[in-house]
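S.K.: Show me the folded form of this:
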Amino acid sequence: MPNSQIRIYTKKEQGEEWLRRYRGCLPVFACVLGFTETGLIPGISAAGRTPEDRKYTACADAEFLYYGAEHKPQYPLPPLAAGASPVLISRAVCESLKIPVYLFNAGLPQVPPVPVIDLGGTPARCLSGGNAMEITTVRHLLEQGLLWGERLAANIQQGYLIIGECVVGGTTTAQAILTGLGIEAAGKVNSSHPVCNHAQKSALVQAGLERMRAEEQGSREAGEQGEINFQFPIQNPKSKIHSLDPLKLVAAVGDPMQVVVAGMAIATSRSCGVLLAGGTQMLAVYALMSAIAQAYALSWQPAEVVVGTTRWVAEDSTGATVDLALSLSKGSSTEIAATPPLLATALNFNDSRYPQLRAYEQGFVKEGMGAGATCIAAHLSQNWQQHQLLTAIEAQLERLSLANY
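M.R.: Okay, here's the model as predicted:
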């Protein structure tokens with residue numbers, strides 16, 4: 001019987017089979033940190049009250065996930081308009097279940113004050129310019145993702161890897177990737193706001209994609225070759241009519257986390273399970289994985305990959321996450337493998353004694369730092385129910401409150 005604490009919204013049979021396969025297993029958690037200057041645009045994100053706060057959100061979340069509430073942080077958790085950082089949720093589960101955590105810096109403006117694996121990436125420029133990253137950086141990050149996916153999978157015996165992220169402004173770069181792949185994403189993505197800022201996101205995405213297309217047109221007219229040479233054994237993209245090189249799309253309008261997680265999940269899926277931790281951003285990564293695997297003839301196992309989030313994302317009335325997941329199989333620019341199983345924890349904060357947690361029920365924050373997926377892991381490995389999760393998360397918040405006095 002599926003756990004009543006885990007909801008399955010798409011590909012129900014495949015989702016149930018994945019849950020059966022990994023019931024009782026303890027995962028490994030890889031969290032990939034990245035940055036896009038898109039996140040500094042006023043009003044784009046609620047993951048930090050001001051643009052200045054949002055510069056340090058990933059460092060603060062990584063520090064809390066790794067060290068917990070009692071550690072005196074170099075980067076305190078940023079003030080939010082409402083709610084509390086979702087890293088409280090992931091820390092509560094990882095600490096209680098002793099889940100091994102690996103932190104990866106895919107491209108941050110500053111080095112996080114935690115043991116972190118530096119992948120040699122760079123922060124992305126604002127996607128509206130259509131020139132977010134250098135193509136050489138994107139290629140390098142894909143190679144690093146593939147390499148680390150293999151390394152992590154080699155140490156996982158009959159288990160699965162959770163891959164989470166922290167990128168402020170990442171739902172907007174996700175919309176850009178999805179739209180660039182020909183998937184109808186406008187009006188369907190989520191945000192950390194209680195009501196999603198669809199118009200703002202769509203205007204940025206449209207500007208970025210138009211710039212990208214103008215650049216491409218200019219390159220074609222100048223007769224430039226688009227061949228990419230990899231250090232890693234990856235074939236160059238097969239020439240396809242009306243097909244966009246997915247790595248060039250990431251370079252134009254993406255962020256550094258996306259291509260790392262895509263590579264990591266492709267490689268890991270060959271030998272164990274993958275739980276992509278997030279909503280909109282991980283649906284974009286799933287579409288990107290499929291496009292990259294197809295363009296560069298990389299083998300992967302779609303049956304091993306699921307997307308896991310919170311019900312605040314999956315059931316967000318100001319987005320359309322389930323519809324977005326279903327739209328993946330209708331992409332016009334690439335034959336996306338299929339819609340992935342979309343799972344969510346049924347975690348509920350209505351009865352919390354903390355207003356910061358009850359704010360989630362009003363639509364604030366919703367997800368981040370693998371919050372939903374770590375709860376799914378707690379249900380799967382220890383059969384944790386609602387009260388056990390709530391107790392552990394409230395204990396984290398209480399310890400943080402005491403540490404701040």
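S.K.: Residue 157: neighbouring residues, count only.
M.R.: By the criterion of other C-beta atoms under 10 Å, residue 157 has 7 neighbours. Where you see a C-beta, it was placed from the backbone N, CA and C, and this is true even at glycine.
S.K.: brain fart, residue 118
M.R.: Neighbour count for residue 118, taken as other C-beta under 10 Å: 14.
S.K.: Leaving out sequence neighbours, find the closest residue to it.
M.R.: Excluding the flanking residues, the one nearest residue 118 by C-beta to C-beta, 6 or more residues apart in numbering is residue 105, at 4.8 Å.
S.K.: can you check residue 49 too?
M.R.: Sequence neighbours aside, residue 79 is the residue nearest to residue 49 in space, at 4.8 Å (criterion: C-beta to C-beta, 6+ apart).
S.K.: what helix or strand is that neighbour on?
M.R.: Using DSSP states H and E, residue 79 sits within no helix or strand.
S.K.: Please apply the same query to residue 396.
M.R.: Element membership for residue 396 (DSSP H and E) is helix 386-403.
S.K.: again with residue 199
M.R.: If you go by DSSP H and E, residue 199 is part of helix 198-221.
S.K.: Over to residue 105?
M.R.: Judged by DSSP H and E, residue 105 forms part of strand 101-107.
S.K.: isn't residue 180 right up against residue 212?
M.R.: Yes: under the criterion of C-beta atoms under 8 Å, residue 180 makes contact with residue 212 at 7.5 Å.
S.K.: Could you name every residue contacting both of the two?
M.R.: By C-beta atoms under 8 Å, 6 or more residues apart in numbering, residue 180 and residue 212 have these common neighbours: 249, 252, 253.
S.K.: Could you pull up the contacting residues of the last one?
M.R.: Residue 253 sits next to 127, 130, 132, 173, 176, 177, 180, 205, 208, 209, 212 when contact means C-beta under 8 Å, 6+ apart.
S.K.: Phi and psi next, for it.
M.R.: Per-residue torsions, residue 253: phi -130, psi 10 (degrees, to the nearest 10).
S.K.: Same check on the first one?
M.R.: Phi and psi for residue 249, reported as degrees, to the nearest 10, are phi -60, psi -50.
S.K.: where's it relative to residue 161, distance?
M.R.: Here residue 249 is placed at a distance of 25 Å from residue 161 (C-beta to C-beta, to the nearest Å).
S.K.: Next, count neighbours for the residue nearest to residue 72 when sequence neighbours are not counted.
M.R.: Spatial nearest neighbour of residue 72, excluding adjacent residues (C-beta to C-beta, 6+ apart): residue 403 at 7.9 Å. Other residues lying near residue 403 total 14 when counted by other C-beta under 10 Å.
S.K.: So which residues of this structure form strands?
M.R.: 6-10, 28-34, 101-107, 117-118, 160-166, 273-277, 305-310, 342-345 (DSSP state E).
S.K.: So which of these is nearest residue 372?
M.R.: Closest approach to residue 372 among the strands of the chain (C-beta to C-beta): strand 305-310, 3.9 Å.
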